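>>> Need a 3D model of the following:
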Amino acid sequence: MKSSDAVLSRLRKICLALPDTKETLTWGEPHFRVGEKIFCGYGKEKGITTIGFKLERDHAEMIVTDERFRPAPYVGRHGWVSMDASRIDDWKRVRGLVHESYGLIARCRPDGRPRAGSKTRPGARPAERRKVR
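All right, here's what the predicted structure looks like:
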């Protein structure tokens, strides 16, 4: 079992290393934002310490087949997933999931359109956007 403080400390380093990010206390728990939009959360769900992030819907549907993950309360249908933080065995994987969430949130304006200069296919609807390599 991992110490909650140690998990939050590592998560904080991952999240705050990304551009234009900040930590806020939201709903009484630490959340990480890019601009004003949440891309990662940390807290307790039914007594379990969790990390929450948004994934591409296909990825979210696949990852919840792993017992460490489940759809996040209220927003799971939008691709948000909660991970049991006490069962982290690979911080590189956590970093990748946080980065995916950051990328999804950072590239969209509040109206769902890509931000100027974002690397998405021009003219694509939100569900069709993919990063350009």
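>>> How many residues are close by Ile63?
When neighbours are counted by other Cβ atoms under 10 Å, Ile63 registers 16. For glycine as for every other residue, the C-beta is placed from the backbone atoms N, C-alpha and C.
>>> so it touches Gly79, yeah?
No. Under the criterion of Cβ atoms under 8 Å, Ile63 makes no contact with Gly79, lying 10.1 Å away.
>>> Which residues are in contact with each of those two?
Leu55 (Cβ atoms under 8 Å, 6 or more residues apart in numbering).
>>> The residue nearest to Thr26 when sequence neighbours are not counted: which element?
Among residues not flanking Thr26 along the chain, Ile38 sits closest, at 6.8 Å (Cβ to Cβ, 6 or more residues apart in numbering). For Ile38, the host element (DSSP states H and E) is strand 37-45.
>>> can you list contacts of that strand?
Contacts for strand 37-45 (Cβ under 8 Å, 6+ apart): 7-8, 11, 15, 21, 26-33, 49-54, 73, 82, 85, 98, 101-102, 104-106, 108, 110.
>>> If we use 7 Å, what do you get?
Strand 37-45 is touched from outside by 8, 11, 15, 26, 29-33, 50-54, 73, 82, 98, 101-102, 105, with contacts defined as Cβ atoms under 7 Å, 6 or more residues apart in numbering.
>>> Parallel or antiparallel, which strands does it pair with?
strand 29-34 (antiparallel), strand 48-54 (antiparallel) (DSSP bridges).
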